[in-house]
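Asker: sequence? don't have it. structure:
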């Protein structure tokens, strides 16, 4: 169920995530715009920004998928909901940042995905264009089933 904040509670995975999302809905803001575009307080996303450029920020997912060694979010620094609205610069900036993160974190395998539009239809919880880099495995890099 989407609301004025563009959040979909039905796709939340953890009780703490639902609680934070309810606060965001009560505040009536897009959490990614609030935290990563406007940099307003209070922040809803407690994980630090790892890297950023003029188009994107990268942070750890506050609620990573089960059986992941790393779960990173790439959040566009302007509010759009569909990848068709990306500029060439934003696309280039995304790939540059992805390569930097993979090098800095010695990421050798993973899934890179982007959800656009229709948060309820894609499994997303936030209706703001973002991508995810998901590295399967445990803290020792042993690959396990993700899901």
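Answerer: Everything's here; your move. Everything quoted here is computed from the prediction, not taken from an experiment.
Asker: just checking, what packs against the strand ranked longest in the chain?
Answerer: For the chain, the strand with the greatest residue count under DSSP state E is strand 68-76. Packed against strand 68-76 by the contact rule (3 or more C-beta pairs under 8 Å, 6 or more residues apart in numbering; DSSP states H and E) you find strand 56-60, helix 88-104, strand 130-136. C-beta coordinates here come from the backbone N, C-alpha and C atoms, glycine included.
Asker: Could you spell out the sheet neighbours of the helix or strand just after the longest one, each with its direction?
Answerer: So the one you mean is helix 88-104. Along the chain past helix 88-104, the next helix or strand (assigned with DSSP states H and E) turns out to be strand 111-115. Here strand 111-115 has these sheet partners by DSSP bridges: strand 130-136 (antiparallel).
Asker: Could you grab the helix/strand/coil label for residue 18?
Answerer: With DSSP: H, G, I helix; E, B strand; the rest coil as the basis, the three-state label of residue 18 is helix.
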